[in-house]
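Visitor: The following comprises the amino acid sequence and a computationally predicted model.
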Amino acid sequence: MSGMPQNNPHKRDARPEFWELSMRCCQLAGSVDVAFFFIFLALGSPILAWINVVSVAMYIYAYRAFRQRRNRLAILLIRTEVLVHAGLGTVLVGWESGFHYFLLMFIPALFVTMRARSAWILVGCMWIYYVGLDVLMWYIEPLQPISSNALLAVHIFNLTVVFGMFAYLALFYVITVTRAHKRLARMATTDSLTGLFNRRHMIALTEKELARHYRRPSNLTFLLLDVDHFKQINDRYGHDIGDRVLSGVSQMLTDSMREQDFIGRWGGEEFLAVLPETDLSQAEASAERIRKAVESLVIECDGQRLSATISIGITQYRAEELLSTAIARADRALYESKSAGRNRVEIAAP
């Protein structure tokens, strides 16, 4: 059918959660058909029992096709099995058996596996099939009827299975959407290389901290940190090694910060740390601890051992000043640290 997933591993990888769910549904549907085999044997309906044997075989083959990433074949097998099985079950036992409920499960699956226009076309075709089956059963009697009690039991069983499958699909949807939102939020707030907060999110977090500061003034200190001689590292060893150095330094910074502090990549090899409830002496002690931690960092690279150092500028936030003013003051302190020989901590002049 048009619009089905192609036999392309990249297509499958684009929706890994859905294909994993499809494989689980194969297992679940096969288990249900095994149960039906014994149910219809017990009810004295060997034709329906052996139909379920064929259905189990189709689900096993579909499962193997999913494992081999032959997604188009697997989807075709599942759709064929459900359409034929629901139709045969209804014609043989009757509309009241509830086999037609399984057709409704196609609706969400169609919109996930193909483009909306193709999905709407197939939903329309399925509606025609569904209504046609309903109308047919108004004019013919079941070909292999079972007792009213048995029919009720089959109806309740089918209804329970469909309810369970829809609940599972709903749970899958909620979990998938929640994960997607978290992933998007993480991408929007973190730097992809270092895993630290990005500049935009750092500004947002700092502005929230300033708002709290206005309501309840307290010590608030900024650290501006810069990796020393980073351009030389890039020029000598290449940007890949430079990225490894930044990643290693970032991890060290994260490990060295206190729980109430937050740090982000401010730009290039520069980082900004915000230390709430911290005066200058406490900030200087924290900065020295961070500097020494980075100084001890060793990065293995093609048999070579690389090290890095950082320079740090410190300033304390002053009441009602702009954030940019405080950052500019920390930047001047950082410049003084660089000018004095690097691998140093400098406090901005009052």
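Guide: Happy to help now that I have it.
Visitor: buried ones in the helix or strand encompassing residue 134?
Guide: Using DSSP states H and E, residue 134 maps to helix 116-139. Neighbour counts over helix 116-139 (16 or more other Cβ atoms under 10 Å) mark 118, 119, 121, 122, 126, 129, 130, 133, 137 as buried. Any C-beta I mention is one placed from the backbone N, CA and C, and that applies to glycine too.
Visitor: Tell me which two in the residues you listed are the farthest apart.
Guide: Using Cβ to Cβ, those reach their maximum pairwise distance at 118 and 137, which is 29.1 Å.
Visitor: Is residue 59 in contact with residue 32, as I believe?
Guide: No: the pair residue 59 / residue 32 is not scored as a contact, 9.3 Å apart, by Cβ atoms under 8 Å.
Visitor: Counting neighbours, go ahead and name the busier of those two.
Guide: Between residue 59 and residue 32, counted using other Cβ atoms under 10 Å, residue 59 has the larger neighbour count: 24 against 20.
Visitor: host element of the more buried one?
Guide: Going by DSSP H and E, residue 59 is part of helix 46-67.
Visitor: Give me the next element, helix or strand, following that helix.
Guide: Using DSSP H and E, the helix or strand that follows helix 46-67 in sequence is helix 71-93.
Visitor: Give me the buried stretch members for the helix or strand following that next one, please.
Guide: In the C-terminal direction, the helix or strand that comes right after helix 71-93 (DSSP H and E) is helix 106-113. For helix 106-113, burial by neighbour count (16+ other Cβ under 10 Å) applies to 106, 109, 110, 113.
Visitor: what's the closest of those to residue 44?
Guide: residue 106 (30.8 Å).
Visitor: Give the closest residue to the closest one in space, chain neighbours not counted.
Guide: Distances taken as Cβ to Cβ, 6 or more residues apart in numbering place residue 126 nearest to residue 106, at 5.7 Å, with adjacent residues excluded.
Visitor: so that neighbour touches residue 109, yeah?
Guide: No: applying Cβ under 8 Å as the test, residue 126 and residue 109 come out as separate, 10.8 Å apart.
Visitor: could you pull out the strands for the chain?
Guide: Secondary structure of the chain by DSSP state E: the strands cover 220-227, 262-267, 270-276, 298-301, 304-307, 310-316, 345-347.
Visitor: want to try JSON lines for the ones you listed, with distance to residue 162 as columns?
Guide: Shown next, in JSON lines, are the strands of the chain (distance: least, Cβ to Cβ, whole Å):
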{"stretch": "strand 220-227", "distance to residue 162": "58"}
{"stretch": "strand 262-267", "distance to residue 162": "49"}
{"stretch": "strand 270-276", "distance to residue 162": "53"}
{"stretch": "strand 298-301", "distance to residue 162": "57"}
{"stretch": "strand 304-307", "distance to residue 162": "61"}
{"stretch": "strand 310-316", "distance to residue 162": "61"}
{"stretch": "strand 345-347", "distance to residue 162": "66"}
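Visitor: Of the ones you listed, which is nearest residue 96?
Guide: Closest to residue 96 of the strands of the chain is strand 262-267 (Cβ to Cβ; 62.7 Å).
Visitor: what mean pLDDT would you report for that closest one?
Guide: What strand 262-267 shows for mean pLDDT is 93.
Visitor: what does stretch 48-66 give?
Guide: 88.
Visitor: again with stretch 336-350
Guide: 91.
Visitor: Flag every buried residue along that stretch.
Guide: 336, 337, 343, 344, 345, 346, 347, 348.
Visitor: And stretch 303-319, by the same measure?
Guide: Neighbour count says stretch 303-319 has 306, 308, 309, 310, 311, 312, 313, 314, 315, 316, 317 buried, by 16+ other Cβ under 10 Å.
Visitor: Now do the contacts for residue 249.
Guide: If you count contacts by Cβ atoms under 8 Å, 6 or more residues apart in numbering, residue 249 has them with 227, 294, 297, 308, 310.
Visitor: same thing with residue 99?
Guide: Counted by Cβ under 8 Å, 6+ apart, residue 99 has contacts 85, 86, 89, 90, 93, 158.
Visitor: What is the burial count for the second one?
Guide: Going back to what we said before, that points to residue 86. 24.
Visitor: Ok, residue 255 next?
Guide: 9.
Visitor: Equivalent analysis for residue 100, please.
Guide: Neighbours of residue 100 (other Cβ under 10 Å): 20.
Visitor: re the thing from before, and the buried residues of helix 116-139 as a markdown table, adding pLDDT?
Guide: As requested, the buried residues of helix 116-139 are arranged in a markdown table below (pLDDT from 0 to 100):
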| residue | pLDDT |
| --- | --- |
| 118 | 89 |
| 119 | 88 |
| 121 | 93 |
| 122 | 90 |
| 126 | 91 |
| 129 | 94 |
| 130 | 94 |
| 133 | 94 |
| 137 | 93 |
